[in-house]
Every structure is written in C-alpha cells, then in structure tokens.
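Q: Here is my input, please return the structure:
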Amino acid sequence: MEKKINKSVIGYIVFCVITVFIIILNIHNDEYRNLIEHRTLLSESEEEYPGGKRVDTSFGLKGEVIKTGRFYIPNFGRYTLNADITSMDANNILKVYLSDGRSEERVLEIPLPENGIYTGSFAVKPETKYVDIRVDYSGSGNLVVGNMYLYSPLAYTDTIFTAIFILIFLTAVGIFTFKNPDKIKEEKIKRKITDWLIIIIAVIFVSQPSFLGYLFHTHDGIFHFSRIESLKDALLAGQFPVRYYPSASGGFGYLSPIYYPDLLLTLPALLRIIGTSQPFAVNAFIFAINLSSALTAYYCAKGLCNDRILSVITSILYLSATYRLINIYVRGAYGEALAMIFFPLIVLGMYEVLFRDRNKWWIAVLGYSGVIQSHLISTFLVALISAIIIIILIFRIIREKRLLSIIKVLSITIAINLWFLLPMLYMYLFEDAVFFIPRIEGFRMSLYISQVFEAFVNASGYSNGLWYAGGEMGFSVGLPIAFGLGLIFVYLAMNLGKKQTKEIKIFLWSGVLGILFAWFSTYHFPFKAISSIPFIGELINAIQFPWRFIGIASIFLSLTSSAGYCYFGSVTGNKKVVAIIVAAMISITSGYFMYTVTNVSEGVPRSSAIVDILGYYGEYLPEDFDYENSLERVKKPILSNSNVTIDSYTNDNKKMTFSYSGGKGKVELPIVYYPGFSAKVDGERVPVYKDPESKLIELNLDKDVADVEVKYEGLFIFKLSDIISIVAVLATGVYIVIFMKKRRKMKLTEEGDFLFGRV
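A: From the prediction side, this is the model:
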C-alpha cells in the first residue's frame with residue numbers, strides 16, 4: 001500500500017512538473033504578445049518617409065521634433081527598446097520618458113552617431129503608466145527614424161504568473177488528495193473530488209472569454225478598469241482601507257471608494273502590483289468571480305438539504321445563469337456580479353435564522369457584508385426584500401424567539417461594515433457631490449415575460465425597455481433553469497394532493513420566490529402604480545432598473561430547477577441521464593453565448609489599456625467642478641501673489657510638497673477638495689479650504705518663506721469606524737472558529753440524495 005501511494009504521489013508530482021514546464025515554454029511567445037511596435041511616429045513637424053519619419057537641415061527644425069507621444073506600458077519590470085535609425089550627427093539623441101500621469105522622468109538616452117539598430121534597456125516602476133519616446137534632432141544633417149520595438153524580457157510576463165498560480169493550485173489539490181493516504185479510497189473523499197472536478201470544469205467553461213489574453217469593451221468595464229488601476233496606485237501609496245484615489249481624475253484626485261465600495265477589487269489591484277498586465281489581472285478577477293459564485297451556490301444548496309447531486313446541479317445552473325454572465329461579459333457590471341456571489345449565502349443564512357438553527361446567524365452576516373462591499377444598489381435590493389419577508393413573518397419570529405438572532409445579523413453586519421457605511425453616509429449627507437441616479441419611469445424599463453426565459457440571448461446591445469426588444473441585451477435566467485422548472489411542474493402534476501416532505505417544501509417555496517422576483521422584473525408588475533406612492537415610490541425607483549430582480553431570482557430558481565432535475569433522475573433511475581441533459585443544455589446555451597461574446601465584442605489591445613477615465617463620468621466629484629477645464633489647468637500650485645515663486649515641487653500619490661519664497665498670499669493646489677485633507681506649513685497644521693469656483697484645495701500662506709505639505713488623511717470619525725469594524729471582524733471570526741470546532745465534534749448527518757430517494 002505504501003509503495004502504491006508513493007507511486008501515486010510521485011506520478012502526481014511528475015504531472016505537475018510537466019504541466020508547469022509546458023506553460024513556461026509559452027514564455028517565448030510573450031516577447032511578441034508584449035511587443036509594442038510603432039511603425040509611424042506621431043509628429044506633425046517632419047515629413048512622412050517610407051518606413052518611418054524624416055527630417056533634415058532644410059526643415060529649419062531643432063529639438064525633440066520626432067516623438068511617439070504617450071502610450072500605455074502594460075507591465076512593470078525591465079524593457080528593451082530596439083530602434084532602426086539613420087543618423088548623420090552624433091549630437092542626435094534618442095530619449096525615453098516615463099510618466100505616472102502627473103510628472104515624467106527621463107530614463108534612457110542613446111546618442112545616434114551613425115546608421116544602425118540602436119538598443120537600450122530601462123526599468124519601469126509599478127506606478128508608471130506611460131512611456132514616451134522622442135528623438136532630439138541637432139538641426140544638422142539627415143535623420144530618419146524607422147520602426148521602433150519595445151518589449152519586456154522574460155522576467156515580468158503573464159506566463160510566469162500563470163505558471164505560479166497553476167502550481168499553487170495543483171499543490172493545494174495534491175495536499176487535499178494525498179494528505180491522508182489511508183483514506184484516499186473512501187467514498188466521501190471520492191465524492192468531494194468528483195464535485196470539485198465538475199465545478200472546476202464548469203467554471204473553466206463559462207470563463208472562456210477571460211482566457212483570450214485581452215479585455216472586452218463592455219458598458220461599465222472601463223469605469224471598473226480605472227478603479228482597479230487607481231486602487232493599485234492608492235495601495236502602493238500606503239493607503240488601507242482605501243478611501244481616496246490620488247492618481248485619478250487626471251491626477252486631481254477622486255473620492256470614489258467612499259461612495260462605491262472597492263474592497264473586493266483588491267485581488268486584481270494586487271495582481272497589478274506584483275507585475276501582471278491589466279488584462280491578466282482583470283481576467284483572473286473574472287475567473288475568481290465565477291469560481292466563488294459556483295462555490296457559494298453549492299454551499300447554499302448543501303446547507304439546505306445535504307444532497308450533493310442537487311448541490312452540484314444548483315452550482316452549475318447558477319454559474320451559467322444568463323443574467324449573471326451578461327453582468328460580466330456584456331454590461332461589465334462587476335459590482336453586481338460580485339454581489340451575486342453572496343446572494344446564496346444570504347438565502348442560506350436567513351433560512352437558518354428564520355426557520356432552523358438561529359446560531360448560524362453569521363452566515364447571513366457574511367452574505368450581507370459581501371453584498372455591501374460589492375454593490376450598493378444590490379445592497380438596497382436585498383435589504384428591501386429581507387425587510388418585507390421579516391415583516392410578513394414577524395409573529396412567527398416573535399413566537400419562536402428568533403428576533404434576537406435577526407437583531408444580531410443587523411447589528412453585526414453594520415458593525416463589520418461601519419468603516420465603509422459611516423464615511424459614505426457622512427459624505428452623502430454633508431457634502432455636495434454629483435450623483436447620477438437615473439430613475440425608472442413607471443414600467444418603461446421592464447421586461448416582456450418572454451425575455452425572462454429566452455433560450456438564446458444577445459451578447460451585445462443595451463436595455464431598450466418596452467420600446468423594442470429586438471437587439472436588446474439578454475436578461476434571461478437561462479434555458480437550463482427554465483427546463484428544470486418545467487420538470488418541477490411535472491412533479492407537482494404527478495403528486496397533486498400528496499403531502500410533501502420538509503426538504504421538498506423548501507425548494508418548492510424557493511421556486512415561488514424565484515418566480516415572484518422574476519415577475520417583479522416584467523411589465524406585468526404594477527411598477528407605475530407603486531412608483532406614484534410617496535416614499536415607497538422613491539424606494540422602488542432607487543433600484544433603477546426592474547430587471548435587477550433577475551439576479552435575485554436566479555439563485556432561487558437555480559435551487560428549484562436543480563430539484564426538478566433530481567426528480568427526473570429519480571424517475572429514470574439513472575443519474576448519468578440527468579448529467580448529460582444538464583451538460584448538453586449548458587453547453588448549447590452558454591456555449592452560444594460565449595461564441596457571440598468572443599466574436600462580437602470589441603477587444604482592448606494590451607498597449608491601449610484603460611488607465612484613468614473616472615473623472616470623465618463626473619459622478620462623486622463636487623458639484624460644479626469642471627473636469628474638462630481642469631485637465632487644461634497647469635498641474636502646479638497657482639499663487640495669488642505674483643511675487644511669490646515656487647522653489648521646489650513634488651506631487652506623488654502619497655502627498656504634495658512644495659517650497660515657496662517671496663511673500664504671503666493664497667495658493668490654489670491641483671487637488672480636488674474633499675473633507676479629510678490635512679496641510680502643514682513648516683510642520684504646523686493650517687486650515688484647508690475649498691475654492692468656491694474651481695472646487696480645488698486652497699490654502700492661506702501667512703509666511704514669506706515656508707515648506708508646505710498636503711495629503712489626504714480622512715476624518716476622525718472615519719478612523720473611529722475603522723476601529724469598530726476591526727473589533728467586530730475579530731469577534732465574529734472567533735465566534736465562527738468556536739462554532740466550527742463544536743460542529744466537527746457533532747455527529748453529522750449522512751450525505752446523500754434525500755429529496756426523491758437515492759439515484
């Protein structure tokens with residue numbers, strides 16, 4: 001046995017080594033994938049020339065007359081530049097500048113004494129965003145700049161990171177499989193491995209578009225790409241939790257994290273920090289969203305009935321739910337996609353609190369906290385639904401003494417998330433900022449009932465409302481879910497009048513709730529009438545689009561649909577038939593969707609990544625702040641006293657510092673004003689004001705000569721909320737650990753298929 005196990009372990013290790021080796025072989029292809037080529041340089045001062053640009057003495061020009069202009073640099077690390085140049089003067093110089101968006105630094109100079117291929121290398125820092133290549137012409141002789149090639153050597157490529165992450169994953173699988181050799185053949189271990197294998201294959205299938213190595217243009221994608229880049233810069237500057245993006249809005253700063261939670265964007269931001277490209281970081285993030293959604297759906301179903309087959313089916317149905325895929329690949333609504341990870345936890349957690357083990361309140365806390373940290377509109381949606389359900393069941397809750405557990409869920413959720421909620425409410429109530437909150441007009445943005453159950457949907461388009469459904473993006477729950485619902489109706493027809501078990505009732509009621517929420521998304525629901533009711537109408541309108549209810553409906557309908565498939569399996573007596581039907585339907589419907597995503601959506605080249613368009617949207621900026629004009633403003637302090645001079649000036653993502661001399665006066669800084677900025681003049685704190693016209697920071701300089709430092713620190717109540725949240729997280733974590741230890745000591749119910757008997 002020992003030798004057998006050793007052979008298995010050795011075989012697995014060999015498999016891992018070969019897999020990683022094959023991946024690393026692809027590293028040489030990265031030289032071409034990371035290649036940035038400029039055949040025609042960007043300049044209006046010299047003439048076009050076959051293969052490049054040309055300038056000579058007759059032009060009467062001198063200086064940096066040939067240049068590429070800024071372009072995006074995909075990874076940090078070392079880069080090599082190859083340039084094909086014809087030069088007749090040793091005073092001609094090729095220069096490379098790097099920029100973080102605010103200031104630039106020259107990192108390479110190459111004299112050009114003669115014709116040839118010139119090569120040079122330079123290092124790119126994590127905070128670097130752009131590179132600009134220029135040729136300084138001496139004014140004498142002939143100069144022709146041909147093709148330029150910029151590429152990164154093998155040290156910093158996405159292939160390296162892919163190999164590392166796959167090695168970590170394979171190691172984890174190996175430890176899980178071989179940590180207890182004597183039990184490797186136990187049925188329970190086999191089942192777990194089978195479940196994981198099915199889920200991983202399904203996740204890989206729905207993640208196909210993320211394996212292409214580039215990004216897609218989606219409705220809101222560029223906004224979230226910019227958030228990830230800005231979060232990366234803030235983390236590099238030492239902020240955590242991040243409340244302020246110092247590099248955003250053209251370097252003027254942006255307080256987006258206070259209004260729009262970004263904690264769960266930390267994964268792609270960290271990937272960017274360690275050196276991956278933006279496409280790699282975002283696509284890994286999408287894969288993580290898909291995997292997490294599958295696992296929480298599995299955990300939810302397993303917690304409701306302990307039926308592993310039903311749990312696996314629920315997982316892949318929810319994973320492939322069309323509306324969830326639309327959020328990721330068409331809308332680019334990553335906040336809403338993140339929120340859908342936690343819907344299953346809320347379903348399971350609230351079921352425990354309301355009907356079963358009230359001591360499992362922490363599951364609901366995790367679910368609600370995850371939604372809060374993902375998407376505020378989804379937070380409002382689940383809070384509204386939860387409140388209505390609690391009101392309906394209030395007498396039962398009081399009678400069974402469950403009110404305390406509900407209070408625990410509410411209070412601990414607030415305490416854990418107070419670090420975000422309190423600053424957000426403070427800024428919303430006491431600061432004038434722009435909020436783009438489109439309101440639905442009655443039922444005009446609702447769906448037709450046929451759209452909810454469409455089999456094949458568009459992987460493009462927008463929400464047209466009731467005007468015209470043709471060419472509109474999909475909102476369907478998906479054919480696999482719809483088919484499973486049909487099987488449940490068959491079950492009900494075949495079992496009319498029969499008493500149902502408690503477990504079956506759970507999934508039948510889940511179907512009722514799912515259909516109810518799907519109905520809310522259609523024009524058959526009286527949105528127009530409800531919207532006219534004072535206060536209630538305002539609450540309903542805050543949802544923006546009725547079709548958001550499809551996200552909530554998807555988890556309930558996935559649970560019920562999986563029960564339908566299990567019923568079919570019990571009738572046929574063959575679980576393989578069920579597996580084939582589910583796999584076939586998901587392959588056809590989701591496969592068609594993946595095909596249209598990859599062939600219809602426009603790609604974003606690696607060298608043209610989205611870096612900073614946050615301010616373009618204008619949301620969360622001070623009212624009357626002119627973003628377009630601010631970009632034309634000199635990005636240095638502007639002094640009211642013309643006799644004052646700036647002796648030194650630096651502005652990075654940590655702070656702005658400058659020294660001045662020559663008199664007193666006011667100074668306007670190139671930073672958007674938000675509460676929480678501190679300023680020191682010669683080490684002493686001074687008040688920070690908002691210029692009434694520009695909405696930028698203004699200081700009163702009362703000294704003739706001084707050193708000034710300005711940085712964002714946040715308000716005292718923000719820091720207090722951080723402490724409360726840390727204590728709440730630690731206390732909840734301790735409770736969960738103790739609870740799980742006690743649970744392991746208890747005798748667990750046998751795992752099986754309890755809804756309709758074993759298949």
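
Q: CA atoms for contacts and neighbours, from now on please.
A: Fine.

Q: In which helix or strand does Ala743 reside?
A: Heads up, residue 743 is Arg, not Ala. For Arg743, the host element (DSSP states H and E) is helix 716-745.

Q: Buried ones in that helix, by neighbour count?
A: 718, 721-723, 725-726, 728-729, 732 (16 or more other Cα atoms under 10 Å).

Q: where does the stretch 651-759 of the chain have low pLDDT?
A: For the stretch 651-759 of the chain, the stretches with pLDDT under 70 are 744-759.

Q: any idea how far the residue lying closest to Val644 once chain neighbours are set aside lies from Ser725?
A: Nearest residue to Val644, sequence neighbours excluded (Cα to Cα, 6 or more residues apart in numbering): Gly662, at 4.3 Å. Going from Gly662 to Ser725 by Cα to Cα, to the nearest Å gives 48 Å.

Q: Please apply the same query to Ser531.
A: 36 Å.

Q: In contact with Leu639, which residues?
A: Contacts for Leu639 were tallied using Cα atoms under 8 Å, 6 or more residues apart in numbering; they are 665-668.

Q: Show me those residues that map onto strands.
A: Mapping the contacts of Leu639 onto strands (DSSP state E) picks out 665-668.

Q: Now the buried members of these.
A: Neighbour-count burial (16+ other Cα under 10 Å) applied to those gives 665, 667-668.

Q: can you redo these as CSV with distance to Phe545?
A: Listed next are these as CSV, based on distance: Cα to Cα, whole Å:
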residue, distance to Phe545
Gly665, 51
Val667, 45
Glu668, 41
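
Q: For this structure, give the strand that spans the most residues.
A: As assigned by DSSP E, the longest strand anywhere in the chain is strand 77-87.

Q: That one: partners in the sheet, and parallel or antiparallel?
A: Applying DSSP bridges to the sheet, strand 77-87 is found paired with strand 116-124 (antiparallel), strand 143-151 (antiparallel).

Q: Now do the next helix or strand after the last one, average pLDDT.
A: Okay, so that is strand 143-151. Heading C-terminal from strand 143-151, the first helix or strand you meet, by DSSP H and E, is helix 158-178. The average pLDDT for helix 158-178 rounds to 78.

Q: Okay, buried residues for helix 158-178 please.
A: For helix 158-178, the neighbour count (16+ other Cα under 10 Å) marks 158-163, 167, 170, 177-178 as buried.

Q: Need the contact partners of the longest strand of the chain.
A: Counting by Cα under 8 Å, 6+ apart, 112-126, 141-153, 155-156, 275 sit against strand 77-87.

Q: Make a ChimeraX selection of the buried ones in these.
A: Filtering the contacts of strand 77-87 down to the buried ones (16+ other Cα under 10 Å) takes a single ChimeraX command:
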select :112,118,121,124,126,143,144,145,146,147,148,150,151,152,153,156,275
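
Q: Okay, now the unreliable bits of the stretch 51-200 of the chain?
A: For the stretch 51-200 of the chain, the stretches with pLDDT under 70 are 51-52, 153-157, 176-189.

Q: can I see the domain layout of the chain?
A: With automatic domain parsing as the criterion, the domains of the chain are listed as 1-34+159-187, 36-151, 633-712.

Q: okay, those domains in JSON lines with distance to Gly591 next?
A: Below are the domains of the chain laid out as JSON lines (distance: least, Cα to Cα, whole Å):
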{"stretch": "domain 1-34+159-187", "distance to Gly591": "25"}
{"stretch": "domain 36-151", "distance to Gly591": "30"}
{"stretch": "domain 633-712", "distance to Gly591": "44"}
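
Q: For Ser561, which of these is the nearest?
A: Among the domains of the chain, domain 1-34+159-187 comes nearest to Ser561, with 26.8 Å by Cα to Cα.

Q: so what does the helix or strand following the longest strand of the chain touch, helix or strand wise?
A: Proceeding N to C from strand 77-87, the next assigned helix or strand is strand 93-99, under DSSP H and E. With contacts taken as 3 or more Cα pairs under 8 Å, 6 or more residues apart in numbering; DSSP states H and E, strand 93-99 sits against strand 104-111, strand 130-137.

Q: before we move on, back to that, who are the packing partners of the helix holding Arg743?
A: Helices and strands touching helix 716-745, by 3+ Cα pairs under 8 Å, 6+ apart, are helix 403-416, helix 418-430.

Q: re the thing from before, now flag whichever of the buried ones among the ones in strands among the contacts of Leu639 is closest to Asp307.
A: Ranked by distance to Asp307 (Cα to Cα), those are led by Glu668 at 65.0 Å.

Q: check which helix or strand covers the closest residue to the closest one other than its chain neighbours.
A: Spatial nearest neighbour of Glu668, chain neighbours left out: Glu698 (4.6 Å); criterion: Cα to Cα, 6+ apart. Element membership of Glu698 [criterion: DSSP H and E] is strand 696-701.

Q: what lines up beside that strand in the sheet?
A: Partners of strand 696-701 in its sheet, by DSSP bridges: strand 665-672 (antiparallel), strand 689-690 (antiparallel).

Q: Including distance to Tyr260, could these go into a markdown table?
A: Output for the strands paired with strand 696-701, formatted as a markdown table (distance: least, Cα to Cα, whole Å):
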| stretch | distance to Tyr260 |
| --- | --- |
| strand 665-672 | 18 |
| strand 689-690 | 23 |
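
Q: one step back: looking at the helices and strands packed on helix 716-745, which is closest to Phe517?
A: Across the helices and strands packed on helix 716-745, the minimum distance to Phe517, taken as Cα to Cα, is reached by helix 403-416, at 22.7 Å.
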